[in-house]
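[1] A predicted structure for the sequence below; I have some questions about it.
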Amino acid sequence: YYFFTRKGDETIVTNQIKFSVKLLGATIFQVEGYGEEKYIKDQLISYESKTLQNDKEKFVNLVFDENKFNVKGSSYSGEASINNIVGNWWNHKILQTDSQISPISGSIKKQVVTFVGKEKIEQYGKTYNVNRFTLKSKDMSLPKDKKLDFNIWYEEETAQIIRVSYSRMGNWEYRLKNFE
């Protein structure tokens, strides 16, 4: 779930996630996490997250500093270009950049976004005219569990990502259910 709070020029986006996957009664995958992005106007000024993924603690603390981000994460600590986008699915700017910052670990992932075509999709009884994209890792030598490989359906009219699908330990889809 994503929650948006606006006060003047400040926007705060909070994200909560909690789910587990069970097979024959045994938990094979479990994630619980929280993240908070803060923006002044359109500039990301901070991002913090804490995630427990299969009993491993992961985190990101990111702060905007002049013309760069200072990142301290469970997988990466150092500087990052302000052209990076935190890889959360609410932000369509993920389709306009060549690298993203993992919202779970802080690692920087170079990406290639490719326009596939225009489509009509139906979701929760509503029809959307969307642009379909793929988002993949630039470095194809990465291990399969580290590669980006997503299908993304983006509605230009509302500037919203309507659906994201990928395969990793099963087939997954994120779908925009409602937006107020």
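    Looks like it came in fine. Computed from a predicted model, the values in this text were never measured in an experiment. Numbers count the residues shown, from 1 in each chain.

[2] which residue comes closest to Gly35 once chain neighbours are left out?
    Ser49 (3.6 Å; C-beta to C-beta, 6 or more residues apart in numbering). C-beta coordinates here come from the backbone N, C-alpha and C atoms, glycine included.

[3] these two touch, right, the one you found and Glu32?
    No: contact criterion C-beta atoms under 8 Å: Ser49 and Glu32 do not qualify, at 11.5 Å.

[4] and those two? which has more neighbours close in?
    Ser49 (25 against 13; other C-beta atoms under 10 Å).

[5] dump the helix or strand that one falls within to PDB, restricted to CA.
    Ser49 belongs to strand 43-53 when assigned by DSSP states H and E. Extracted in PDB, the C-alpha atoms of strand 43-53 (Å, rounded to 0.1, in the frame of the first residue of the first chain):
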ATOM      1  CA  GLN A  43      12.900  16.900  -5.500                       C
ATOM      2  CA  LEU A  44      13.400  13.700  -3.300                       C
ATOM      3  CA  ILE A  45      15.000  15.000  -0.100                       C
ATOM      4  CA  SER A  46      15.000  11.700   1.900                       C
ATOM      5  CA  TYR A  47      14.100   8.100   1.800                       C
ATOM      6  CA  GLU A  48      14.100   5.600   4.700                       C
ATOM      7  CA  SER A  49      13.100   2.000   4.700                       C
ATOM      8  CA  LYS A  50      13.300  -1.100   6.900                       C
ATOM      9  CA  THR A  51      12.500  -4.500   5.600                       C
ATOM     10  CA  LEU A  52      12.600  -8.000   7.100                       C
ATOM     11  CA  GLN A  53      12.900 -10.500   4.200                       C
END
